[in-house]
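*Asks:* Can you look at this prediction? I've put the sequence above it.
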Amino acid sequence: MGYDEIVSMLGYAGGHERQVRITTTNRLEVVGVPTSVDTHPTAHEVYLRPAGQDDTEIAVSLAAISAVELLGE
């Protein structure tokens with residue numbers, strides 16, 4: 001999956017409160033709703049609310065993402 005497609009899908013999911021499954025380059029999976037995507041070179045991260053943890057937000061480097069899948073409806 002290409003960088004532009006990853007950023008686009010994360011932006012769409014965040015704008016529509018949709019959960020995604022992110023697969024990293026080392027094959028770890030993270031499920032959550034993107035809260036923001038920061039493509040600025042000093043950040044270059046997506047921030048997500050993990051599934052079932054509304055009071056938590058984590059950051060994942062965009063460079064570490066190999067695939068994004070929309071979940072649910």
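*Replies:* Thanks, I have the structure now. Numbers count the residues shown, from 1 in each chain.

*Asks:* Spatially nearest residue to Gly11, not counting backbone neighbours?
*Replies:* Spatial nearest neighbour of Gly11, excluding adjacent residues (CB to CB, 6 or more residues apart in numbering): Val37 at 5.4 Å. In short, each C-beta sits where N, CA and C put it, glycine included.

*Asks:* Tell me how many other residues crowd the one you found.
*Replies:* For Val37, the neighbour count with other CB atoms under 10 Å is 22.

*Asks:* In three-state terms, label it for me.
*Replies:* Under DSSP: H, G, I helix; E, B strand; the rest coil, Val37 falls in the strand class.

*Asks:* what's near enough to touch it?
*Replies:* Residues in contact with Val37 (CB atoms under 8 Å, 6 or more residues apart in numbering) are Val7, Leu10, Gly11, Gly14, Glu45, Val46, Tyr47, Leu62.

*Asks:* ok, now which ones touch Tyr12?
*Replies:* So Tyr12 contacts Arg18, Leu70 (CB under 8 Å, 6+ apart).

*Asks:* which parts of whichever strand or helix holds it are buried?
*Replies:* Taking DSSP states H and E as the definition, Tyr12 sits inside helix 3-15. Neighbour counts over helix 3-15 (16 or more other CB atoms under 10 Å) mark Ile6, Val7, Met9, Leu10, Ala13, Gly14 as buried.
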